[in-house]
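Asks: Below is the sequence, then the predicted model.
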Amino acid sequence: MSEDSRPKIRRAEAADAAEIASIHMSSRAATMPYLPPQRRSHEQVTAWVEKVLLTSSRVWVAAEDTELLGYAALAADMLDHLYLRPLVRRQGIGTLLLDEVKRHSPDGLSLHVFQQNTDARAFYERHGFTTVRIGDGSDTMEKLPDMTLRWTPDVAG
């Protein structure tokens with residue numbers, strides 16, 4: 001992907017909420033089939049994006065022209081969300097978003113991932129994350145075993 005053809009990474013705006021909700025819902029359905037079916041409507045997820053996500057996190061989107069391809073949400077040093085449209089996976093867009101989050105995380109960052117989400121685990125491990133905790137799922141809403149991963153910048157440069 002050449003520099004000119006790469007999606008642009010920018011901060012999310014309130015006007016992006018419905019599209020972020022669509023990405024969130026379609027990505028979870030496509031990449032995590034082990035999750036229970038989505039019970040919330042697109043309108044409810046859009047309201048969550050507007051009222052919770054965009055107000056409690058720093059959110060970036062990957063945009064190509066007027067279409068959003070993915071988003072990442074950072075709350076303090078926790079990467080709470082990184083989702084892509086299913087058809088744009090494995091094209092470097094997740095890396096662009098993660099690199100932006102890392103730039104804003106000089107002391108490092110953590111994230112939670114389901115143990116079953118082997119694609120996400122491999123992605124984060126390729127980007128320098130290591131496992132710091134393995135959980136049995138008792139403290140997750142979905143009650144699925146999870147892991148906490150951590151990335152710390154290379155201070156040697």
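Replies: Good, I have the coordinates. All of these numbers come straight from a predicted model, not from anything done at the bench.

Asks: Follow the chain on from the helix or strand where residue 99 lies and name the next helix or strand.
Replies: According to DSSP states H and E, residue 99 maps onto helix 93-103. Later in the chain than helix 93-103, the nearest helix or strand by DSSP H and E is strand 109-114.

Asks: What residues sit buried inside that following strand?
Replies: Buried positions in strand 109-114, judged by neighbour count with 16 or more other Cβ atoms under 10 Å: 109-111, 113-114. In this view, the C-beta of every residue, glycine as well, is placed from N, C-alpha and C.

Asks: Strands of this structure, residue ranges please.
Replies: 8-11, 58-64, 67-75, 78-84, 109-114, 130-135, 146-151 (DSSP state E).

Asks: how about those, which one is nearest residue 40?
Replies: Of all these, strand 78-84 sits nearest to residue 40, with 15.1 Å by Cβ to Cβ.

Asks: which secondary structure elements does that closest one contact?
Replies: helix 17-31, strand 67-75, helix 93-103, strand 109-114 (3 or more Cβ pairs under 8 Å, 6 or more residues apart in numbering; DSSP states H and E).

Asks: Buried deepest among these, which one?
Replies: Greatest average neighbour count among the helices and strands packed on strand 78-84 goes to strand 67-75 (a mean of 21), per mean count of other Cβ atoms under 10 Å.

Asks: Surely residue 106 and residue 153 touch.
Replies: Yes. Assessed by Cβ atoms under 8 Å, residue 106 is found in contact with residue 153 at 6.6 Å.

Asks: more crowded one of those two?
Replies: The neighbour comparison of residue 106 against residue 153 (other Cβ atoms under 10 Å) goes to residue 153, with 14 against 10.

Asks: For the nearest residue to that one once chain neighbours are set aside, give me phi and psi.
Replies: In this structure, residue 153 finds its nearest non-sequential neighbour in residue 108, 6.1 Å apart by Cβ to Cβ, 6 or more residues apart in numbering. The phi and psi torsions at residue 108 (degrees, to the nearest 10) take the values phi 100, psi 170.
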